[in-house]
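Q: kindly generate the corresponding structure for this input.
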Amino acid sequence: MLVATRSVRLLAAVVLQMTGGVATLAAQPLRDAALHAPFDRLLRTHVRDGLVDYEAFARAPEFTRYLASLDTARVSSLSDDERLAYWINVYNAYTIQLVLRHHERESIRNINRTLGFLQLKGPWNEQIVRAGGRVYTLDQVLHRILRREFHESRVHFAIVPASKGAPPLRGEAYVGARLGEQLEDQTRRFLGDTTRTWYRNGVLGLNRLFEAYERDFGSTRKEMVLFVAPYVTLRPTEPQRKRLEEGKALLYYRQYDWSLNRLSVSGRAPDVTGGQARPR
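A: Numbering: from 1, shown residues only. The predicted model follows:
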């Protein structure tokens, strides 16, 4: 009887995974992978080199069902890594949904903008996120949950505010079982890309997310440099490498590109000139 019961539960989990349903999945061993399986399939299909086919997401009923499943998920039953993966996926999925809701195709900063100025609500303070039975803004997910509860610096390379200046959106969903590997890969790819991060003649060029969230990477600027140092691709000169590994660098924050991380129908990034600004 016990074996039969386990078989029924396993079958139910598989069916839920195939259909995108997650209402009772949180209590099952496959809860994490099954919960995010629909989003994973969408990302693998409609994200290329970090750019998003927003039109394809708009046409996909599976995306709507996935958003609904995030609201019914039993977050309290997840492990710490599963919860962190859940909230990263929540942030990224609802950022896509925010862009779709407002039919924006140039820059997320155009959302809730009036007469050329952002309203106080802005794009990140719209109550759009429905997760775990509650309603949030994207800013609340970022600042009150991801940053305050988890204290994981690498999360900044996983969440993507729909802009080309941000780390590229990963072409798969985050899951608890592989979260450490995924976060490390995201960090290595972003900081090892010499078009985004560089060190020359004692100057370290960084994305402005480091300026905006400096304290998330250490209590001092030296600690932030030490966080970045292992990932930076350097010319093979010992003096450069030694200074960087000692945390010695002048910081240069690169211009931030708020153009929408949009993939055109042809598969190429559209020629769109977006606002240049530092991260919020």
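
Q: where's residue 130, which helix or strand?
A: strand 129-131 (DSSP states H and E).

Q: from the contact counts, what lies against the next helix or strand along the chain from that strand?
A: The C-terminal neighbour of strand 129-131 among helices and strands, as given by DSSP H and E, is strand 134-136. Using 3 or more CB pairs under 8 Å, 6 or more residues apart in numbering; DSSP states H and E as the contact test, the elements touching strand 134-136 are strand 129-131. C-beta coordinates here come from the backbone N, C-alpha and C atoms, glycine included.

Q: tell me the strands beside the strand it packs on, with direction?
A: In the sheet, strand 129-131 lines up against strand 134-136 (antiparallel) (DSSP bridges).

Q: mind listing what's buried in the partner strand?
A: residue 136 (16 or more other CB atoms under 10 Å).

Q: and it, how far out from the chain's middle?
A: 18 Å (CA atoms, centre = their mean, to the nearest Å).

Q: which outside residues touch that strand?
A: Applying CB atoms under 8 Å, 6 or more residues apart in numbering, the external contacts of strand 134-136 come out as 127, 129-130, 144-145.

Q: report the rounded mean pLDDT for it.
A: Averaged across strand 134-136, pLDDT comes to 98.

Q: and the pLDDT at residue 235?
A: Predicted confidence (pLDDT) for residue 235: 76.

Q: check the one 4 residues further on too.
A: Among the per-residue scores, residue 239 shows a pLDDT of 78.

Q: for residue 90, same thing?
A: The predicted local confidence for residue 90 is 98.

Q: not counting sequence-adjacent ones, nearest residue to it?
A: Excluding the flanking residues, the one nearest residue 90 by CB to CB, 6 or more residues apart in numbering is residue 131, at 4.9 Å.

Q: who are the contact partners of the one you found?
A: With contact taken as CB under 8 Å, 6+ apart, residue 131 is in contact with 70-71, 73, 75, 86-87, 90, 94, 141.

Q: want to throw the residues you listed into JSON lines with neighbour count?
A: Converted to JSON lines, those look like this (neighbours: other CB atoms under 10 Å):
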{"residue": "70", "neighbour count": "22"}
{"residue": "71", "neighbour count": "15"}
{"residue": "73", "neighbour count": "23"}
{"residue": "75", "neighbour count": "17"}
{"residue": "86", "neighbour count": "26"}
{"residue": "87", "neighbour count": "26"}
{"residue": "90", "neighbour count": "26"}
{"residue": "94", "neighbour count": "22"}
{"residue": "141", "neighbour count": "21"}
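
Q: between those, which is nearest residue 258?
A: Nearest to residue 258 among those is residue 94, at 18.2 Å by CB to CB.

Q: how much distance is there from the helix or strand residue 228 falls within to the middle of the chain?
A: Per DSSP H and E, residue 228 falls inside helix 221-228. Chain-centre distance of helix 221-228: 22 Å, with CA atoms, centre = their mean.
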